[in-house]
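Student: Sharing a sequence plus its predicted fold:
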Amino acid sequence: MKKIFLSTAIIFAAVAVVVGATGALFSDTEESNGNTFTAGSLDLIVNVDGSEMTSPVFDEDNLVPGSNGEKTFEISSTGVVACGVAEVTLTSDADNTCTEPESDDEENCGTDGDGELNDEMVFGIYAADGVTSLASGQFTGDGEYSLGELNNGTYVIKWELPEETNNSVQTDSFSGDLKITATQKTDEGCEPIGEIED
Ligand SMILES: [Ca+2]
Ligand SMILES: [Ca+2]
Ligand SMILES: [Ca+2]
Ligand SMILES: [Ca+2]
């Protein structure tokens, strides 16, 4: 009986040695604490002639052949790198009333459902130098224009009713909306500056 007790004691002693040995194995730990994910920002800023863009930017009346004007747009975005796109939408285009000289120059005045002012007036979007043209033409329909990567750029929109315009535009009017959108730049980059074709 004494021998059995002795054997048991030896087994316990052996287990103790094994358990004790576990704490002595090689080990190593690496840690990274306080990991955080925070979203960036993208905030478009458009100033026209030095002030925040309002509705409308253009409100021109009593136009005559030779009338012209321009507005300076400072476009930038804060936060992530962004691409800019300007969209214009024609919302109305009318003869309104028909004067006598207008009817002389325009056979279907008042019945064609189409004013001539927007078809005659010429618009141009220019770089800050006012000379480098990004796009130009008449505002006869909707259009989409890439401003490229937004980098605190200055753009000038010029308009002119050419002096050779005839009486068909008298009392005519048109209106439109301008929308400028900044979208984060992706690996595909920004659309080339200028008109975006469908
Ligand atoms: Ca007309
Ligand atoms: Ca008219
Ligand atoms: Ca007309
Ligand atoms: Ca028209």
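Tutor: Right, received. Where do you want to start? Ligands and ions are numbered 1, 2, ... in the order given.
Student: Who are the contact partners of the residue in the chain that ligand 2 sits nearest to?
Tutor: With CB to the ion as the measure, residue 171 is the residue of the chain nearest to ligand 2, at 3.7 Å. In short, each C-beta sits where N, CA and C put it, glycine included. When the contact criterion is CB atoms under 8 Å, 6 or more residues apart in numbering, the partners of residue 171 are 95-99, 102.
Student: what sits opposite residue 124 in the beta ladder?
Tutor: Partner residues in beta bridges with residue 124, using DSSP bridges, are residue 136, residue 158.
Student: returning to what we had before: the residue of the chain closest to ligand 2 should be in a strand, yeah?
Tutor: No. Following the definition DSSP: H, G, I helix; E, B strand; the rest coil, residue 171 is coil and is not counted among the residues of a strand.
Student: Closest one to residue 118 out of the contacts of residue 171, please.
Tutor: Out of the contacts of residue 171, the one with the shortest distance to residue 118 is residue 95. That distance is 11.4 Å, counting by CB to CB.
Student: that older thread, quick one: which of the contacts of residue 171 is nearest ligand 4?
Tutor: The closest of those, once distances to ligand 4 are taken by CB to the ion, is residue 95, at 8.9 Å.
Student: Quick check, pLDDT for that closest one.
Tutor: Per-residue pLDDT puts residue 95 at 98.
Student: cool, and residue 153?
Tutor: According to the predicted model, the pLDDT of residue 153 comes to 89.
Student: residues contacting it?
Tutor: When the contact criterion is CB under 8 Å, 6+ apart, the partners of residue 153 are 74-76, 84, 127-128, 147.
Student: Emit the PyMOL select command for whichever of those residues are buried.
Tutor: Provided next is the PyMOL selection string for whichever of the contacts of residue 153 are buried by 16 or more other CB atoms under 10 Å:
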select buried, resi 74+75+76+84+147
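Student: Low-confidence ranges, this protein, go.
Tutor: Across the chain, residues meeting the criterion (pLDDT under 70) sit at 1-23.
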